[in-house]
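In: Fold the following.
(one chain, ligands or ions: 1)
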Amino acid sequence: MKNLTKLMCLLLALAMVFALCACGSSPAPAASEAPEAPAESEAPADEPVDYSSMTIDELKPLIQTVTEGKLTIATSPDFAPYEFYAIDADGNPQLAGFDVGMAQYIAEFLGLEAEIIPMDFDGVLNELAAKSVDIGAAGLSPDPSRMDAMDFSDIYYFGGQSFVTVEGKEDLFPTLADANKAEYSIGAQNGSIQMDLANANTPDADIVSLVKVTDIVAELIGGKLDGAFIETAVAENYAKSYPQLKIVHDVPYEAAAGSAFGISKGNEALLAAVNLAIAAANEDGFLESAVAEANELSTGEIIEGLLPDEAAQG
Ligand code: ARG
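Out: The predicted structure is shown next:
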């Protein structure tokens, strides 16, 4: 009996030795590798980097863009005073507006060359979603429904929302609700939050989606549209060149007041740098003077935004 117990103890001890050996079967780290372990635990690879607390000089080397050394910016120049074509002294259309000025300012602030690409507004949304541009400078509302497709900078301008019509038709719309009738053609820009406003406020009307805001202005004046939803700052601007245009109602829009730059999604260093540039442009007065200059330039005798070929298409 005693011997049996002894044997069992021995077997147990042997089993434990085997078990310990099995546990230690993975190769032990070589002496030279050992110091790496504590270093790793000090700075785990997945620790989030706080770009928003960095200076522009810290951010610059971290910014990646579609084309190295360049900042590729999509804009939609049918939106004075944000962006439009101004006719220069030689009669040639030039991109102008405070978004264009800001795009150049931001590029310079980031130490990059600005590459500004004009396109239709829905193109700006698509190019940003496809990440084929770095920034969208197009009076973009940071609407929550867009946040899967792009990031947004801080707000840099407040434009407001309006319902507009033309001289002679103001009496048709004593209230905004009066525009919600099947007999009225109501315009809004394709892909814009103004289209959402049209759908929300005038669902019974014939809602007409147009590619450019300048088409909307042309069709209002030409009598094809009875009313339209346009950003107030833009409507006021076009009303200076076209006094027939009448702003009749403020339209509430709570989802995302103000304009921001659209930033290629997930490009956090770029987003942080653009926000620093906006703060600098506010501080040094650049933004204020760019807005003033754009308003002045877009209310001359020339019909900005309506290039001859665009007017012909309308
Ligand atoms: N703020 C509106 C939006 O984001 C309209 C912007 C239109 N911009 C333009 N350049 N046409 O939907």
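In: from here on, contacts and neighbour counts on C-alpha atoms
Out: Fine.
In: Write out the residues of the stretch 151-300 of the chain neighbouring the ligand.
Out: 192-193 (Cα under 6 Å from any ligand atom).
In: quick one: low-confidence parts of the stretch 151-300 of the chain?
Out: 299-300 (pLDDT under 70).
In: Could you give the bridge partners of the residue positioned nearest the centre of the chain?
Out: Nearest to the geometric centre of the chain sits Gly262, at 1.7 Å (Cα atoms, centre = their mean). Beta-bridge pairing for Gly262 (DSSP bridges): Gly136, Phe152.
In: tell me the contacts of the residue in the stretch 151-300 of the chain that the ligand sits nearest to?
Out: Per Cα to the nearest ligand atom, Ser192 is where the stretch 151-300 of the chain lies closest to the ligand, at 3.2 Å. Neighbouring residues of Ser192 by Cα atoms under 8 Å, 6 or more residues apart in numbering: 121-122.
In: Ok, Thr65 next?
Out: By Cα under 8 Å, 6+ apart, the contact set of Thr65 is 71-72, 134.
In: The residues you listed in strands, which ones?
Out: Secondary structure assignment by DSSP state E places 71-72 of those in strands.
In: Dump the contacts of Thr65 to JSON lines, plus pLDDT and neighbour count.
Out: Output for the contacts of Thr65, formatted as JSON lines (pLDDT from 0 to 100; neighbours: other Cα atoms under 10 Å):
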{"residue": "Leu71", "pLDDT": "98", "neighbour count": "26"}
{"residue": "Thr72", "pLDDT": "98", "neighbour count": "22"}
{"residue": "Asp134", "pLDDT": "98", "neighbour count": "25"}
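In: Output the contacts of Thr65 in TSV, with distance to Gly266 appended to each entry.
Out: What follows is the contacts of Thr65, written out as TSV (distance: Cα to Cα, whole Å):
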residue	distance to Gly266
Leu71	16
Thr72	16
Asp134	11
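In: How about the contacts made by the residue nearest to the centre of the chain?
Out: Taking Cα under 8 Å, 6+ apart, we find Gly262 in contact with 128, 135-137, 140, 142, 150-153.
In: ok, of those residues, which one's closest to Leu172?
Out: Distance ranking of these against Leu172, using Cα to Cα, places Leu140 first at 30.5 Å.
In: Can you tell me, leaving aside adjacent residues, what's nearest to that closest one?
Out: Leaving aside its chain neighbours, Leu140 sits nearest to Ser259 (5.1 Å; criterion: Cα to Cα, 6 or more residues apart in numbering).
In: All the strands of this protein, in order from the start?
Out: Secondary structure of the chain (DSSP E): strands at 70-75, 84-87, 93-96, 113-118, 135-140, 150-157, 161-166, 185-189, 206-210, 227-231, 245-250, 259-264.
In: hmm, who's touching the fourth one?
Out: Applying Cα under 8 Å, 6+ apart, the set of residues contacting strand 113-118 from outside is 69-77, 100, 103-104, 107-108.
In: Could you rerun that using 7 Å?
Out: Strand 113-118 is contacted by residues 69-77, 104, 107 when judged by Cα atoms under 7 Å, 6 or more residues apart in numbering.
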